[in-house]
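J.: fold the following.
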Amino acid sequence: MCNRARMKGEIETIWGSVAELFSERPRDNRFDPHELRPRGRAYVIREQDGVRAWDIMNWDVLGGKAPYPMTNVRNLSLPRWRRLADRRENRCVVPLTEFCEFTPQKHNLGDGKPPLKGEMWFSVTDQPVFAVAGFWQGTGEGNGFTMVTCDANSLVEPIHPKAMVTILDHDDIDIWLRGSYAEIRLLQRPFVAEKMTVRGPVFPTREPATSLSS
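T.: Predicted coordinates for the structure are as follows:
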């Protein structure tokens with residue numbers, strides 16, 4: 001479920017944030033905020049002491065304390081997620097330009113190699129950068145965040161029927177960061193499919209030699 005995403009461009013003042021960071025920006029070559037991958041570092045927006053600004057966190061809200069990176073959460077009534085959902089200071093929004101789901105079927109690329117799944121990239125038509133609901137907390141590996149998921153809409157469902165990331169309308173960002181638990185639960189819903197586009201399948205590591213077949 002959404003373990004690949006992108007945020008193109010540099011950070012800027014959007015959604016009421018200020019163009020500053022709560023933490024120091026990493027200077028090493030391993031920090032690539034344009035390509036989000038599990039346990040990698042990425043930009044999020046959160047609020048602290050009445051100030052809304054950017055931060056840099058690891059995409060794993062449990063900080064390596066689970067067998068796999070906890071990049072997405074769904075059931076906000078579970079005690080560990082309810083605790084974060086209740087606390088406004090632990091909410092964040094994740095800026096994305098597109099997110100990826102893999103095709104359920106493998107494709108024969110006609111290159112003599114085993115078939116593989118293709119990447120399907122979803123974006124929001126009228127929002128070059130869109131906001132995804134999230135939570136964060138401090139861990140032994142530093143601050144970690146997760147994206148909140150919801151039911152899949154009609155565009156995502158054929159590719160990933162179980163869930164999709166919770167995309168927020170501009171008017172809902174303030175509610176997500178500042179609203180009550182009851183108010184944010186109402187935002188955990190599929191984004192309007194007609195406002196989204198999808199491209200793919202694409203195969204970044206290989207080029208199809210012939211027309212695709214399942």
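J.: show me the contacts for residue 171.
T.: By CB atoms under 8 Å, 6 or more residues apart in numbering, the contact list for residue 171 is empty. C-betas here are computed from N, CA, C, even on glycine.
J.: one more: residue 18?
T.: Residue 18 makes contact with 51, 52, 53, according to CB under 8 Å, 6+ apart.
J.: look up phi and psi at the residue in the chain sticking out farthest from the centre.
T.: Distance from the C-alpha centroid of the chain peaks at residue 112, with 34.2 Å (CA atoms, centre = their mean). Torsion angles at residue 112 (phi, psi; degrees, to the nearest 10) stand at phi 80, psi 0.
J.: need the pLDDT of it.
T.: Looking at residue 112, its pLDDT reads 87.
J.: before we move on, what about the one 3 residues further on?
T.: The score at residue 115 is 93. That number is its pLDDT.
J.: in space, what's closest to it - neighbours in sequence excluded?
T.: Leaving aside its sequence neighbours, residue 115 sits nearest to residue 106 (CB to CB, 6 or more residues apart in numbering; 3.8 Å).
J.: next: residue 14.
T.: Leaving aside its sequence neighbours, residue 14 sits nearest to residue 129 (CB to CB, 6+ apart; 6.4 Å).
J.: touching, the one you found and residue 7? I think so.
T.: Yes: using CB atoms under 8 Å, residue 129 is in contact with residue 7, at 7.2 Å.
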